[in-house]
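1. this is a predicted model, with the sequence first.
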Amino acid sequence: MTNATDSHQQEAAAIDPALVRQAWRLAEPLHGMIYFVPEAHERYAALGLTGRAGYFASRAAALGPVGAEPVTATFFNFNPGLVAAALPAAWEKTTPAAVLAARLEAADAALTRGLGDAVHGPEVAEAAGLARRAAEAAAAHPQGRPLFAAHAALPWPDQPHLILWQAQTVLREFRGDGHVAALLLAGLTGLEALVLHAASGAVPERFLRRSRGWSDEQWAGAVGDLRRRGLIDGHEPVLSAAGRAQRDGIEEATDRLAAPAYAVLGADGCRRLAELARPLSRTIVAAGLLNVDKV
């Protein structure tokens, strides 16, 4: 006789990983904008948190008043010195509860600005329902996912656009914790993972180096190590065939580890979430809510 856990694992295995990735990726701007919008920076500054302190405190607040070490571990690819400059000092100025409230207020204001009248439309409500179902299903799988588990324990807001934002936040951390596991299994450090990401051409090296706080010397050292391991080629590093294969394998593993959250939606639900999220995310991007040059 098959128990509920075995049944859920079978359902997750049956979902096309490409659908899982698509459902997450097309909705991601609805969460990711919180790291760039002025509404967030202004509210964190009002609590005494300026610069990167607002980012680290707001994303870590679900864990409680933690120090740098747990955040360095769970965020994975930031220079530990950058984290230590922000935490635990932030908790001498404010509390995790105040930061979480400020973050939700910022999400409300930014999404309202970015989506306009559509923020209260039926598409947002339907997407919120689907994303919340996936996020709540993920809560049955907290093991090995500390950052996800902390966010999954937060109370749900009432308004559909905020439910959608919080659900995508929870799903992002669920996927992120799984991604860290895949990177570790591949034998990569956080810095090495960033160098490979830049070498893939997916994200500019300048942004990754600046936002994660690694020095020229540290970055160059990681480039040298990865080149000796045959994972990157060229003067301007690009992925080698081996590096591309490793990166593809990591992404495939990440998709598989994320699948338990989306199994409850089935293939049709994943497609519908992606269909609903695509125009909403495009509107967010067009409104300038993901301006990485401001980081």
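-> Great, that's in hand.
2. can we go C-alpha only for contacts and neighbour counts from here?
-> Noted.
3. need the nearest residue in space to residue 266, chain neighbours excluded.
-> Closest residue in space to residue 266, ignoring its immediate chain neighbours: residue 15 at 6.9 Å, by CA to CA, 6 or more residues apart in numbering.
4. what sits against the one you found?
-> By CA atoms under 8 Å, 6 or more residues apart in numbering, the residues touching residue 15 are 259, 263, 266, 267.
5. out of these, which one sits closest to residue 101?
-> If you rank these by distance to residue 101 using CA to CA, residue 259 comes first, at 29.8 Å.
6. just give me the neighbour total for that closest one.
-> Around residue 259 there are 26 other residues, counting by other CA atoms under 10 Å.
7. separation between it and residue 119?
-> Distance, residue 259 to residue 119, using CA to CA, to the nearest Å: 28 Å.
8. how about residue 264?
-> 25 Å.
9. equivalent analysis for residue 139, please.
-> If you measure residue 139 against residue 119 using CA to CA, the figure is 26 Å.
10. and residue 257, what element?
-> Take DSSP states H and E as the rule and residue 257 turns out to sit in helix 241-262.
11. any residues touching that helix, and which ones?
-> Residues from elsewhere that reach helix 241-262, judged by CA under 8 Å, 6+ apart: 8-9, 11-13, 15, 17-18, 20-21, 134-138, 141, 171, 174-175, 178-179, 182-183, 186, 196, 200, 230-232, 270.
12. stretch 67-81 now?
-> 56, 60, 83-84, 86-88, 146-147, 177, 180, 189-191, 193-194, 212-214.
13. and stretch 174-185, by the same measure?
-> 74, 76, 138, 144-149, 189, 193, 250-251, 253-255, 257-258.
14. could you give the average pLDDT over it?
-> Averaged over stretch 174-185, pLDDT sits at 98.
15. could I get that stretch in PDB with only the CA atoms?
-> C-alpha atoms of stretch 174-185 as PDB (Å, rounded to 0.1, in the frame of the first residue of the first chain):
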ATOM      1  CA  PHE A 174      12.400  26.600  -1.400                       C
ATOM      2  CA  ARG A 175      14.100  26.500  -4.800                       C
ATOM      3  CA  GLY A 176      17.100  28.400  -3.400                       C
ATOM      4  CA  ASP A 177      17.800  26.000  -0.600                       C
ATOM      5  CA  GLY A 178      17.700  23.100  -3.000                       C
ATOM      6  CA  HIS A 179      20.000  24.900  -5.400                       C
ATOM      7  CA  VAL A 180      22.500  25.400  -2.600                       C
ATOM      8  CA  ALA A 181      22.400  21.600  -1.900                       C
ATOM      9  CA  ALA A 182      23.100  20.900  -5.600                       C
ATOM     10  CA  LEU A 183      26.000  23.400  -5.700                       C
ATOM     11  CA  LEU A 184      27.500  21.700  -2.600                       C
ATOM     12  CA  LEU A 185      27.100  18.300  -4.100                       C
END
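16. flag every buried residue along that stretch.
-> Of all the residues in stretch 174-185, those buried under the rule 16 or more other CA atoms under 10 Å are 174, 175, 176, 177, 178, 179, 180, 181, 182, 183.
17. centre of the chain to that stretch, how far?
-> Relative to the centre of its chain, stretch 174-185 is centred 11 Å away, using CA atoms, centre = their mean, to the nearest Å.
18. for stretch 205-212, same thing?
-> 16 Å.
19. buried residues in it?
-> By 16+ other CA under 10 Å, the buried positions in stretch 205-212 come out as 205, 208, 209, 212.
20. so which strand or helix has the third one?
-> It refers to residue 209. According to DSSP H and E, residue 209 maps onto helix 205-212.
21. next, the angle from the helix or strand following that helix to helix 241-262.
-> Heading C-terminal from helix 205-212, the first helix or strand you meet, by DSSP H and E, is helix 216-228. Counting by axes from the mean of the first three to the mean of the last three CA atoms, to 10 degrees, helix 216-228 lies at 100 degrees to helix 241-262.
22. can I get the buried residues of stretch 174-185 in JSON lines with distance to residue 30 and secondary structure?
-> Compiled in JSON lines, the buried residues of stretch 174-185 are given as follows (distance: CA to CA, whole Å; DSSP: H, G, I helix; E, B strand; the rest coil):
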{"residue": "174", "distance to residue 30": "16", "secondary structure": "helix"}
{"residue": "175", "distance to residue 30": "15", "secondary structure": "helix"}
{"residue": "176", "distance to residue 30": "16", "secondary structure": "helix"}
{"residue": "177", "distance to residue 30": "19", "secondary structure": "helix"}
{"residue": "178", "distance to residue 30": "20", "secondary structure": "helix"}
{"residue": "179", "distance to residue 30": "20", "secondary structure": "helix"}
{"residue": "180", "distance to residue 30": "22", "secondary structure": "helix"}
{"residue": "181", "distance to residue 30": "25", "secondary structure": "helix"}
{"residue": "182", "distance to residue 30": "25", "secondary structure": "helix"}
{"residue": "183", "distance to residue 30": "25", "secondary structure": "helix"}
